[in-house]
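Trainee: Based on what follows, work out the 3D shape:
(one chain, ligands or ions: 2)
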Amino acid sequence: MSNPIFRTLQEKLDQYSMGFPKTESGIEIKILEKLFSIDDAKMFLQLSPMLETPDKVSLRVEKSPEETSGILADMAHRGLLFSLKKGDTIRYGAIPFVHGLFEFQINKMDRELAAMVRQYMDEEFKDALSFSLSNFLAQLVFSNHYAQVDEALCTGCETCLERCQMDAIFLTEEVHAVVNRDRCIGCGLCVTTCPTEAILLEQKDEQTYQVPPKTSFEQMMTMAQKRGVI
Ligand code: SF4
Ligand code: SF4
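Mentor: Numbers count the residues shown, from 1 in each chain. Ligands and ions are numbered 1, 2, ... in the order given. Presented below is the predicted three-dimensional model:
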């Protein structure tokens, strides 16, 4: 019977980035038990992706700054934390399973861990990955503009239909182009190729306007919200 702290750790990791969902077999717990000791798990659970100095972390883990610094450095060395050194200051933060824990193990992955990760991918993670990737791409690809055709200038030449990679433009019976806003990603390719300058990009209204995430942390939290884990 595994220590319940590994379930807590799994739930914490599931909040980050592409998640770390549980499986029926419990293979995700076996992966965590292989990577983390119980003390590692306790320390990880005290951290967040916001980078902090060992001094700051030591205030809430009831250890001296020196001991905390040693533990964090060792965990970062084993690929369990992210570390960033600027000048004389080094700060540490928790990392997701992907991109993070998994990639940091690549160079030292043994057969047992590789088989565990393969099983986990097959059982659960590829679905989480696929869902998160589509959300991630949606965040990257979104635009606050869409194309708009001026019917009076459109000759129905169909250049824009060929140019649009999203199949977002169609011709009406009156033979002028119309943009399907649900498909348009505002890339502007049609605008630059229209021979009569009949297409312009317009800004979306306030209800559909999206503010891009300011930091990777904010992006990670947004993805977790979309996955319904926070
Ligand atoms: S390229 Fe311009 S003129 Fe040709 S169909 Fe599209 S909007 Fe109309
Ligand atoms: S802006 Fe891009 S996606 Fe939108 S209609 Fe033009 S080519 Fe298609």
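Trainee: Can you find the helix or strand of the protein with the lowest average pLDDT?
Mentor: Sorting the helices and strands of the chain by mean pLDDT, DSSP states H and E puts helix 126-141 at the bottom, at a mean of 56.
Trainee: In contact with the most far-flung residue of the chain relative to its centre, which residues?
Mentor: Here the chain has its C-alpha centre computed as a mean, and the residue farthest from that point, by C-alpha atoms, centre = their mean, is Glu174 with 44.0 Å. Neighbouring residues of Glu174 by C-beta atoms under 8 Å, 6 or more residues apart in numbering: Glu151. No exception for glycine: its C-beta is placed from N, CA and C like everyone else's.
Trainee: what do you get for the one 3 residues further on?
Mentor: Residues counted as contacts of Ala177 (C-beta under 8 Å, 6+ apart) are Val149, Cys154, Gly156, Glu158, Cys160, Leu161, Ile169, Phe170, Leu171, Ala198, Ile199.
Trainee: Make a PyMOL selection of the buried ones in the residues you listed.
Mentor: Applying 16 or more other C-beta atoms under 10 Å to the contacts of Ala177 leaves a buried subset, and the PyMOL line that selects it is:
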select buried, resi 149+154+160+169+198+199
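Trainee: Closest to ligand 2 out of the contacts of Ala177?
Mentor: Using C-beta to the nearest ligand atom, the shortest approach to ligand 2 within the contacts of Ala177 belongs to Ile169, at 5.0 Å.
Trainee: Ligand 1 versus that closest one, what's the distance?
Mentor: 7 Å (C-beta to the nearest ligand atom, to the nearest Å).
Trainee: that older thread, immediately after the least confident helix or strand of the chain, which helix or strand?
Mentor: strand 145-149 (DSSP states H and E).
Trainee: Need the pLDDT of the residue farthest from the centre of the chain.
Mentor: With respect to pLDDT, Glu174 scores 87.
Trainee: what about it, distance to ligand 1?
Mentor: Plainly put, Glu174 is 11 Å away from ligand 1 if you go by C-beta to the nearest ligand atom.
Trainee: ok, now Thr68?
Mentor: Distance check for Thr68 against ligand 1: by C-beta to the nearest ligand atom, it reads 63 Å.
Trainee: ok, how many other residues are close to that residue?
Mentor: Residue neighbour count, defined by other C-beta atoms under 10 Å, stands at 23 for Thr68.
Trainee: That one - that's part of a strand, no?
Mentor: No. Secondary structure of Thr68 (DSSP: H, G, I helix; E, B strand; the rest coil): helix, not part of a strand.
Trainee: What sits closest to it if chain neighbours are left out?
Mentor: Leaving aside its sequence neighbours, Thr68 sits nearest to Ser58 (C-beta to C-beta, 6 or more residues apart in numbering; 3.9 Å).
Trainee: where does the one you found land in three-state SS?
Mentor: Taken by three-state DSSP, the conformation at Ser58 corresponds to helix.
Trainee: now swap in Ala76 and tell me
Mentor: Ala76 - assigned by three-state DSSP - is helix.
Trainee: Same question for Leu201.
Mentor: strand.
Trainee: Can you report how many residues neighbour it?
Mentor: Leu201 is flanked by 16 other residues according to other C-beta under 10 Å.
Trainee: Going forward, the N-terminal residue is numbered 486.
Mentor: With the count now opening at 486, the last piece we talked about shows up as Leu686.
Trainee: What's the per-residue pLDDT of the residue nearest to Asp635 when sequence neighbours are not counted here?
Mentor: In space, Asp635 comes closest to Ala683 once its chain neighbours are excluded; the distance is 4.9 Å by C-beta to C-beta, 6+ apart. In the predicted model, Ala683 carries a pLDDT score of 95.
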